[in-house]
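1. Sequence below, structure please.
(3 chains)
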Amino acid sequence: MLSKQKTTEVIAEMGELFPNAHCELIHENPFELLVAVMLSAQCTDKLVNRVTENLFEKYKKPTDYLEVTLEELMDDIRSIGLYRNKAKNIQATAKIIHEQYNDEVPESMKALVSLPGVGQKTANVVMSVAFDYPAIAVDTHVERVSKRLGICRYKDNVKEVEITLQKKIPQELWSVSHHRMIFFGRYFCTARSPKCPECPFLSFCREGKKQAKARGFDG
DNA sequence: AACTCGGGGCA
DNA sequence: TGCCCAGAGTT
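-> Model (predicted):
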């Protein structure tokens, strides 16, 4: 297990690798962010970005989603997996935000999680990114990277990963860390074929040693 | 804890 | 082809 100091150093180095990591997810309004993250479930970010580019031209406010039929919204996001559930959930959530929250995304974990299609992970992202709330959203990238680098244990569940990260990372870096680990997970520490030979953390990475043995490079 | 949704990307 | 992906809801 990595020490707190070593973990902080790793996060800092990820910041040098991806200086703009924290900017890319920040949308102009929290509602766009919420929709983007709802769409991203079980999809690659590349695919989501392709869809949202057109989607946010057409849909600006929560009520915009209520003025079209479910079929039309489904067509607008059809290239994404799970589009039927996502379209339903986005409409239902837009309706609640319009009717109960005066067209504003609620700034509370409890309220966010109660929205249809919004779970703990999505709520974490919205709170930390849109409202600057100190939280570390543990998605699959964050989980994989944390385990491989030894920040937490392989057997840890999502909650345990979150607790360990919050223990080992200074609070002012929580929100930033989320983004840096996502970028690192996307460009270096990918699920299937991580770029271990190019990785700055290879010297102490558990996964790197496995990969070196399996793929025949110097671990 | 296990199952389902689901089109696209990648090996 | 087969497996995986910025998860959430139901049983």
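2. and chain A, which of its residues are near DNA strand C?
-> By Cβ under 7 Å from any atom of the strand, the part of chain A that sits against DNA strand C consists of A:24-25, A:36-37, A:40-45, A:48, A:81-82, A:85, A:89, A:113, A:115-123, A:139-141, A:144, A:179, A:182, A:185-186, A:191-192. Yep, even glycine has a C-beta here, placed from its N, CA and C like the rest.
3. out of these, which are inside helices?
-> With helices taken from DSSP state H, the overlap with those comprises A:24, A:36-37, A:45, A:48, A:85, A:89, A:113, A:120-123, A:140-141, A:144, A:179, A:182, A:185-186.
4. which residues touch stretch A:209-219?
-> Contacts to stretch A:209-219, defined as Cβ atoms under 8 Å, 6 or more residues apart in numbering, come from residues A:194, A:196-197, A:202, A:208.
5. so, if you compare those residues, which one comes nearest to residue A:153?
-> Among these, residue A:208 lies closest to residue A:153 (Cβ to Cβ), at 16.9 Å.
6. how deep is that closest one tucked in, by neighbour count?
-> 22 (other Cβ atoms under 10 Å).
7. Could you double-check that it lies in contact with residue A:198?
-> No - counting by Cβ atoms under 8 Å, residue A:208 does not reach residue A:198; the two are 10.8 Å apart.
8. before we move on, the earlier item: among the residues of chain A next to DNA strand C, name the buried ones.
-> Among the residues of chain A next to DNA strand C, those classed as buried by neighbour count (16 or more other Cβ atoms under 10 Å) are A:25, A:36-37, A:40-41, A:43, A:45, A:48, A:89, A:115, A:117-118, A:121-123, A:139, A:141, A:144, A:179, A:182, A:185-186.
9. Report the contact partners of residue A:111.
-> Applying Cβ under 8 Å, 6+ apart, the residues contacting residue A:111 are residue A:101.
10. element containing it, please.
-> helix A:109-113 (DSSP states H and E).
11. repeat for residue A:152
-> Applying DSSP H and E, one finds residue A:152 in no helix or strand.
12. which ones are touching residue A:81?
-> Taking Cβ under 8 Å, 6+ apart, one finds A:42-43 in contact with residue A:81.
13. On the pLDDT front, check it for me.
-> pLDDT for residue A:81: 94.
14. Any regions of chain A where pLDDT drops low?
-> A:22-27, A:219 (pLDDT under 70).
15. quick one, domains of chain A?
-> Using automatic domain parsing, the domains assigned to chain A come out as A:4-22+A:136-212, A:24-130.
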